[in-house]
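Colleague: All I have is the shape, not the residue letters:
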């Protein structure tokens, strides 16, 4: 019998805008007269169904010291040591939904126990709360809110650009000021701040510290243009260099006012402190890298494989008892394991090949055997069909299995098997990615071994989602979700990337869509990051068979003008017009004997007489510019002077701030036409 899908509450789908929120604090309370303030912030958002109740005498919303169970923690900032006026570099991405009241709360703590994720072990400095609607409607999308008696926090929001470009760069400083006197040298690090819409600069990145060096060479970095400049390469930004001091505030060594464009074009920038040059900043590397998105891979030949692993250890209780997390209620009420499989699986089954899903169990043994089964298949080993097949296999296993539940609960074998299977499949298809859903009641008896296996699994095309069911202790699972600090294996090797997302089931059990959204939020970024880091590019989008069949020979031949003076040239990524790649274009080159614009115009007129000229897109770093029925013309004589240029070429030249380069053979004219079947040509760097 097929178990009915859980009906644990749904809400209607709303249109939303992705935004990025940054945080500053000013005049925070000093926590120790003999020490310093080491603040960090926790940002959370309330469930749309809940409302903050009560206000203080100043009219501000009352906020509890710790986040409630009905709120969702968006994330935590880094700890800024020895600073009562911190600018936090970490930003937070969230969805702004116009038709919902979304209450955002900022809680500020002083780090008392270094490295602890338990907020009860840190001193609470204050909090502030507002709705996202208030923030998005505020002037400059910035709001200043009081914290405590004297302090305040400043929140700023910006809409996220759809571009995926990243800046790959490395800085070297030379001749910096020594702030440590005769018996030492400065310990420099730098920060990058971007100009916000309200006119203030917001810190977006902080580098590592280079000890005792006035000519430091910092590590190469790769940061998204969205974070650095909101996708605008001409937006002003500030690079500030500081001398780190463990016991007091950092000393200012100098700053550089620049833009992304200047970093791409310059090698040496002057560092100024109080109007006086105090050294140089050398740009040893600066290039823009186009990072494919999750949808780029998905629209190509990327295949996803969904596997779920269910915890059957004895800590879950006897399945025959109503108190057990595995109890099957035949009236149709799902247990938490069934609800988690249904909520998350309903999303992932749509991306699985032929909806084939795989179900495993761990934490059982055969009655007569002492050895434990830490990863055994449930149902058909070749996969079951969709969520319904997984739920049916799960229920059948509980009702018919001869295995008995046991302890300990070991996650390392489950992760090892999933990683090995993902690597094995990648050998035959590098466009395959696996997602492992682990559902457990919380206890982990092999924590360090699990960390070691996760560090190995980070090199595989694999993401792991852990859903904690019941009311157990999930502190170990929360530590596996290393959003802020990457895990470190027992041999000292740092994990290459974060591949784990942990979500407690009961926090979202009232709304299946929220549970699925929170659980799967990080997977698109993890997939794109893995393929990009391995140099695996997305394949061109697959055209449907119906579309291909609908194209006849007449429409195909009409796409290219048949003119006696024209010959079709092979598309090439090295072919440029006005220094701009011919994106998705086939080049039609005119015979090199054409030497004048008049001759060229007559050829174009002959082509136009056979039908309207095709539309083409001239692509630059600033987005597409479309012209219909026009062509680009560039002819260079031996002197190198430019004869003519189309409106498209003029626009690109104006945007890029330079003249057309002589990228074409002298005396050559080019006609661009849209040819969607061609693979995209890489953009040229701005």
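Modeller: Perfect, I can see it now. Just so you know, these numbers come straight off a predicted model, no measurement behind them.

Colleague: Cross-check the contact I'm expecting between residue 458 and residue 496.
Modeller: Yes - in this structure residue 458 lies within contact range of residue 496 using CB atoms under 8 Å: 4.3 Å. Yep, even glycine has a C-beta here, placed from its N, CA and C like the rest.

Colleague: In terms of neighbours, single out the busier of those two.
Modeller: Higher neighbour count among residue 458 and residue 496: residue 458, with 23 against 16, using other CB atoms under 10 Å.

Colleague: check contacts around the more buried one.
Modeller: 495-497, 499 (CB atoms under 8 Å, 6 or more residues apart in numbering).

Colleague: And stretch 455-467, end to end?
Modeller: With CA to CA, to the nearest Å as the measure, stretch 455-467 spans 20 Å from end to end.

Colleague: farthest pair in the contacts of residue 458?
Modeller: Greatest spacing in those, by CB to CB: 496 and 499 (8.8 Å).

Colleague: Sketch out the helices for the stretch 101-250 of the chain, chain order is fine.
Modeller: 132-137, 225-229 (DSSP state H, counting those that start in this stretch).

Colleague: For the ones you listed, give me CSV that also has distance to residue 454, mean neighbour count and mean pLDDT.
Modeller: Putting the helices of the stretch 101-250 of the chain into CSV (distance: least, CB to CB, whole Å; neighbours: other CB atoms under 10 Å; pLDDT from 0 to 100) gives the following:
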stretch, distance to residue 454, mean neighbour count, mean pLDDT
helix 132-137, 34, 17, 90
helix 225-229, 26, 23, 90
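
Colleague: just so I know, which of those lies nearest residue 79?
Modeller: The closest of the helices of the stretch 101-250 of the chain to residue 79 is helix 225-229. By CB to CB, the value is 19.6 Å.

Colleague: ok, and what's touching the closest one?
Modeller: For helix 225-229, using CB under 8 Å, 6+ apart, the contacting residues are 20, 91, 160-161, 163, 165-167, 192, 194, 204-205, 231, 233, 235, 237, 259-260, 288.

Colleague: repeat that for 10 Å
Modeller: Under the contact criterion CB atoms under 10 Å, 6 or more residues apart in numbering, helix 225-229 has outside partners 18, 20, 22, 89-91, 93, 158-167, 169, 192-195, 204-205, 223, 231-233, 235-237, 259-261, 263, 288-289, 291, 621, 686.

Colleague: Selecting buried members of these in ChimeraX, what would you type?
Modeller: Buried subset of the contacts of helix 225-229, written as a ChimeraX selection, criterion 16 or more other CB atoms under 10 Å:
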select :20,22,89,90,91,158,160,161,163,164,165,166,167,169,192,193,194,195,204,205,231,232,233,235,237,259,260,261,263,288,291,621,686
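
Colleague: before we move on, back to that, spit out the residues that contact residue 458 and residue 496 alike.
Modeller: In contact with both residue 458 and residue 496: 486-487, 530, using CB under 10 Å, 6+ apart.

Colleague: before we move on, back to that, got TSV for the helices of the stretch 101-250 of the chain, with distance to residue 349 too?
Modeller: As requested, the helices of the stretch 101-250 of the chain are exported to TSV (distance: least, CB to CB, whole Å):
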stretch	distance to residue 349
helix 132-137	32
helix 225-229	31
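
Colleague: Specify the local secondary structure of residue 539.
Modeller: Of the three states, residue 539 takes coil under DSSP: H, G, I helix; E, B strand; the rest coil.

Colleague: can you tell me which residues contact it?
Modeller: So residue 539 contacts 296-297, 299-302, 431, 679 (CB under 10 Å, 6+ apart).

Colleague: what stretches of the stretch 351-500 of the chain score poorly on pLDDT?
Modeller: Across the stretch 351-500 of the chain, the ranges flagged by pLDDT under 70 are 368-372, 484.

Colleague: in it, which spans are helices?
Modeller: 386-400, 412-428, 447-457, 475-480.

Colleague: for this protein, what's the longest strand?
Modeller: strand 276-290 (DSSP state E).

Colleague: average model confidence for that strand?
Modeller: Averaged over strand 276-290, pLDDT sits at 91.

Colleague: going forward, begin numbering at 20 instead of 1
Modeller: Will do, 20 is the new start, and the previous item becomes strand 295-309.

Colleague: helices or strands next to that strand in the packing?
Modeller: For strand 295-309, the packing partners by 3 or more CB pairs under 10 Å, 6 or more residues apart in numbering; DSSP states H and E come out as strand 184-193, strand 240-243, strand 256-262, strand 270-277, helix 279-284, strand 287-292.
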